[in-house]
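In: build me a structure from this.
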Amino acid sequence: MKKLIIALMLFATPMISMGSSSAHLDSAGVDLGDKESLQRGFKYFVNYCLSCHSAKYQRFERTANDLGLTVEDVKQNLMFTADKIGSTMDIALKPKEATGYFGVTPPDLSVITRARGSDWVYTYLRSFYLDESKSTGVNNVIFPDVGMPHVLWELQGWQEARFKKNEHGQMEFEKFELVKAGSMSTEEFDGAIHDLVNFMTYLGDPSQMERKALGIKVILFLLVLFVLSYLLKKEYWKDIH
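Out: Numbering: from 1, shown residues only. Alright, predicted model coming up:
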């Protein structure tokens with residue numbers, strides 16, 4: 001048993017190292033109460049993510065209802081991978097085909113922000129840089145050797161990463177330099193990624209806002225009940241005290 005525990009600890013150590021990252025994460029500024037942001041994020045998601053990544057734990061109809069969109073709006077402008085409004089956000093790309101194209105099957109994005117964190121996803125999507133040594137032509141500062149191409153290059157443009165040696169003699173990221181502008185300015189692109197990550201955060205827990213609103217009502221009810229219970233207790237025990 002001791003040998004088994006030691007073996008498991010030795011196996012887990014490199015896995016923990018691989019999963020950690022010292023890269024600085026920028027704040028995504030998630031606001032699930034901003035429905036206009038969520039609607040724009042929905043648009044970016046179906047146009048740039050849903051061709052390779054699925055979100056099969058979410059239905060188009062549920063999304064339309066939650067974000068204040070009509071069924072017709074979604075059918076005409078945001079449904080490219082399904083015919084029925086009740087369908088899940090799945091894709092036509094087969095896992096074997098995806099593995100052949102990218103070397104790995106693109107993960108489902110339904111709960112990616114819960115797994116990685118909204119700030120991680122926000123920083124990741126803005127951290128692609130040119131790298132001719134990679135088959136996709138790009139690399140990523142916080143996800144080195146990633147197999148995903150930079151699908152948002154038309155919006156962001158192309159940037160190069162500058163690295164410098166730290167006090168330990170190791171190379172660390174310093175800054176990005178834009179070498180070819182995209183259709184958006186840096187501020188506009190950051191805003192678009194904020195909207196996209198905002199929507200992906202909603203995907204990870206669609207009932208979050210409703211649950212929080214219900215939680216506030218429950219707490220207020222319990223406070224009122226506490227006051228009434230206290231007054232009732234005083235009335236029952238006034239003759240004894």
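In: what about the longest helix in this structure?
Out: Longest helix in the chain, counting residues (DSSP state H): helix 208-237.
In: got the buried residues for stretch 201-219?
Out: Using 16 or more other Cβ atoms under 10 Å as the test for burial, stretch 201-219 gives 201-204, 206. Where you see a C-beta, it was placed from the backbone N, CA and C, and this is true even at glycine.
In: contacts for stretch 138-157, please.
Out: 21, 23, 25, 48-49, 52, 102-104, 106, 120, 123-131, 133-134, 136-137, 158, 161, 173, 178-184, 189, 192-193 (Cβ atoms under 8 Å, 6 or more residues apart in numbering).
In: please disregard the earlier target; I meant stretch 103-110.
Out: Stretch 103-110 has contacts (Cβ under 8 Å, 6+ apart) with 45, 49, 52-58, 89, 93, 95, 98-99, 147-148, 200, 203-204.
In: in strands, which of these fall?
Out: Per DSSP state E, strands hold the following members of the contacts of stretch 103-110: 55-58, 89.
In: now those: which count as buried?
Out: By 16+ other Cβ under 10 Å, the ones in strands among the contacts of stretch 103-110 give 55, 58, 89 as buried.
In: buried ones only from the contacts of stretch 138-157, please, as a ChimeraX command.
Out: To isolate the buried ones among these in ChimeraX, judged by 16+ other Cβ under 10 Å, type:
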select :25,48,49,52,102,106,120,123,124,125,126,127,128,129,130,158,161,173,182,184,189,192,193
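In: which of the contacts of stretch 138-157 fall in helices?
Out: If you go by DSSP H, the contacts of stretch 138-157 have 48, 102, 120, 123-125, 189, 192-193 in helices.
In: just the closest of those to Asp31, please.
Out: If you rank those by distance to Asp31 using Cβ to Cβ, Ile193 comes first, at 14.0 Å.
In: from Tyr124, how far off is the closest residue to Leu178 other than its chain neighbours?
Out: For Leu178, ignoring the flanking residues on the chain, the nearest one in space by Cβ to Cβ, 6 or more residues apart in numbering is Gln159 at 5.0 Å. According to Cβ to Cβ, to the nearest Å, Gln159 and Tyr124 sit 14 Å apart.
In: what does the domain assignment say about the protein?
Out: Domains of the chain are assigned by automatic domain parsing as 25-206, 209-241.
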